[in-house]
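Undergrad: Here is the input, now give the coordinates:
(chains A and B)
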Protein chains: 2
Amino acid sequence: MLGRTYDNQVCSIARALEVLGERWTLLIVRDAILGVHRFDDFQRSLGLARNVLTDRLGRLVDAGILERVPYQEHPVRHEYRLTPMGRELGLPVIGLMQWGDRHLAGPAGPPRLARHSDCGDPIRLAPVCDSCGAVPPGEVELVAGPGARQPAR
Amino acid sequence: MLGRTYDNQVCSIARALEVLGERWTLLIVRDAILGVHRFDDFQRSLGLARNVLTDRLGRLVDAGILERVPYQEHPVRHEYRLTPMGRELGLPVIGLMQWGDRHLAGPAGPPRLARHSDCGDPIRLAPVCDSCGAVPPGEVELVAGPGARQPAR
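TA: Just a heads-up that it's a prediction; the model follows:
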């Protein structure tokens, strides 16, 4: 949807960025995760030109990340809701947020905190092994999968 | 470094995207995570114009994500290595990869798999509570932190 410049890349990161690889797009997803659903609220939150916002929302609907849902009948009005596929972006978005918190947040500290709704304690994103549970990031290795065109480096 | 259009956004996601919010930049980080270090190897992997690659590598050095390290003396040649701050991008990048695997990888399956180096079993990215361990994504809530300008939605 953003051009086909990545066609030679056998890589799910490249494919994900082809859908998401524009800064405003991920900020729209962030707002939707935080509960923003209506055009005017996105516009107020992001300060984005209306024609650009219309374009980006349409791309996210085409990609299956947002869906348009009517919330009023006379006249018909729609709002934008995350699909299940869109909700699954929450984890990588929180990962980016916590990286930004650690390195870019400034002296005031993190603007938002992720916490466990059941007990209120902090949540961090971590690699979890099917057999061993949470493991240090240094113990993650990336190997060629079934869709590799050639052995991965 | 990509302009100051996000200055009104008190948000670590916006700040992270200000550094990373260009598609090639994250693919360069991906390559560095996979062990690519030299200009010509990045160029071969990404198929990117050399002047664009030079610009993007320079931005990543300025942002503290990559560092230039000499690997040869006569003549002096440099390669690009992830800093500790850069290595910490591995988790969100793997999160994006696994989202792409689930929704965009196509019938051949994932090109790359994340596994635990100690036991070889699959790794997934999950929210981990300081007290309760790994929890379902639906139990993560985002609340205002010390750096919030106003109560978060």
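
Undergrad: check contacts around the residue most central in space within chain A.
TA: Taking CA atoms, centre = their mean, the centroid of chain A lies closest to A:Leu89, which sits 3.9 Å from it. Contacts for A:Leu89 (CB atoms under 8 Å, 6 or more residues apart in numbering or on different chains) come out as A:20, A:29, A:33, A:65, A:82, B:99. Any C-beta I mention is one placed from the backbone N, CA and C, and that applies to glycine too.

Undergrad: Could you give the backbone dihedrals for it?
TA: Per-residue torsions, A:Leu89: phi -70, psi -10 (degrees, to the nearest 10).

Undergrad: Packing partners of the lowest-mean-pLDDT helix or strand in chain A?
TA: The helix or strand of chain A with the lowest confidence, counting by mean pLDDT, DSSP states H and E, is helix A:12-20 at a mean of 80. With contacts taken as 3 or more CB pairs under 8 Å, 6 or more residues apart in numbering or on different chains; DSSP states H and E, helix A:12-20 sits against helix A:23-33, helix B:23-33, helix B:90-104.

Undergrad: okay, the angle between the second one and helix B:12-20?
TA: Just to be clear, that refers to helix B:23-33. Inter-element angle recorded for helix B:23-33 and helix B:12-20: 80 degrees (by axes from the mean of the first three to the mean of the last three CA atoms, to 10 degrees).

Undergrad: And for the last one?
TA: Using the same axes, to 10 degrees, the direction of helix B:90-104 lies 90 degrees away from that of helix B:12-20.

Undergrad: does chain A sit close to helix B:90-104?
TA: Yes: judged by CB under 8 Å from any CB of the partner chain, helix B:90-104 and chain A are in contact via B:90-104.

Undergrad: quick check: mean pLDDT across that helix?
TA: Mean pLDDT, helix B:90-104: 90.
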